[in-house]
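> Sequence plus predicted model, see below.
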Amino acid sequence: DAKTTQPPSMDCAEGRAANLPCNHSTISGNEYVYWYRQIHSQGPQYIIHGLKNNETNEMASLIITEDRKSSTLILPHATLRDTAVYYCIVRVDHTGTASKLTFGTGTRLQVTL
Amino acid sequence: NAGVTQTPKFRVLKTGQSMTLLCAQDMNHEYMYWYRQDPGMGLRLIHYSVGEGTTAKGEVPDGYNVSRLKKQNFLLGLESAAPSQTSVYFCASGHGTGLEKLFFGSGTQLSVL
């Protein structure tokens, strides 16, 4: 699985968009980009995933560059409850096999008033 | 719908004692996982199961045993606890369809003195 690089920490003002970058320059054609987050003292929570097209759901948007070497998770209107560690994970689609996700240290997003 | 439930939430053990952590899911997921998370680090996979009656080793299996006698339950055992096993333990489950959307429990904080 491709390695990912994320900034260790970021700040964002409440109500503004939070843009969290992830570099995955060694990604291969069949690897998906997944985002999870972990709010303090809780288990990780799935946010979104994508292959090559931009994706949006009720939680966030995922923008993947055309060469797929980087991506950005966008929280359109960050709130204090979005303060968490955000993990970017790249993984091949192993249909029917165990999801042995590797969680690195992620980006600690601090949303402030 | 409770999702993934872990018991207990907190436990303190003395070195050499044994204990079992219980994970239960009510989503009829085939795949279940045990992770550990040490301070300031990402999650590391201990063991996983791809179905009732099956188990497999993850990244850091030493010192742990698991059992999956029922589809909805995944037990993690420590036969002889060591201080190095002080950690937060997370259980997760998933469909195993290739999509890496895992559902995590709220964690068990274990301290071994």
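Arrived safely.

> Can you verify my assumption that A:A78 contacts A:L20?
No: in this structure, A:A78 is not within contact of A:L20 by Cβ atoms under 8 Å, at 10.2 Å. Bear in mind the C-beta positions are built from the backbone N, C-alpha and C, glycine included.

> Can you check which residues contact both of these two?
By Cβ atoms under 8 Å, 6 or more residues apart in numbering or on different chains, A:A78 and A:L20 have these common neighbours: A:L109.

> which residues touch A:S61?
A:I48, A:N54, A:E55, A:L73, A:I74, A:P76.

> next one: A:T72
Contacts of A:T72 by Cβ under 8 Å, 6+ apart are A:N19, A:L20, A:P21, A:C22, A:L62, A:I63.

> Just the ones of those in strands?
Judged by DSSP state E, strands contain the following of those: A:N19, A:L20, A:P21, A:C22, A:L62, A:I63.

> how many neighbours does the third one have?
Translated: A:P21. A count of neighbours around A:P21, defined by other Cβ atoms under 10 Å in any protein chain shown, yields 15.

> Can you pull up the most central residue in chain B?
Centroid-nearest residue in chain B: B:W34, 2.9 Å away (criterion: Cα atoms, centre = their mean).

> Then chain A?
A:W35 (3.1 Å).

> That one falls within a helix, correct?
No: counting by DSSP: H, G, I helix; E, B strand; the rest coil, A:W35 falls outside a helix, being strand.

> May I ask you to confirm that it is in contact with A:V85?
No: using Cβ under 8 Å, A:W35 is not in contact with A:V85, being 11.3 Å away.

> still on that earlier bit, with distance to A:Q42 and pLDDT as extra columns, can I get the contacts of A:T72 in a markdown table?
Supplementary listing: these in a markdown table, determined by distance: Cβ to Cβ, whole Å; pLDDT from 0 to 100:
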| residue | distance to A:Q42 | pLDDT |
| --- | --- | --- |
| A:N19 | 23 | 98 |
| A:L20 | 18 | 98 |
| A:P21 | 24 | 97 |
| A:C22 | 21 | 96 |
| A:L62 | 22 | 98 |
| A:I63 | 26 | 97 |
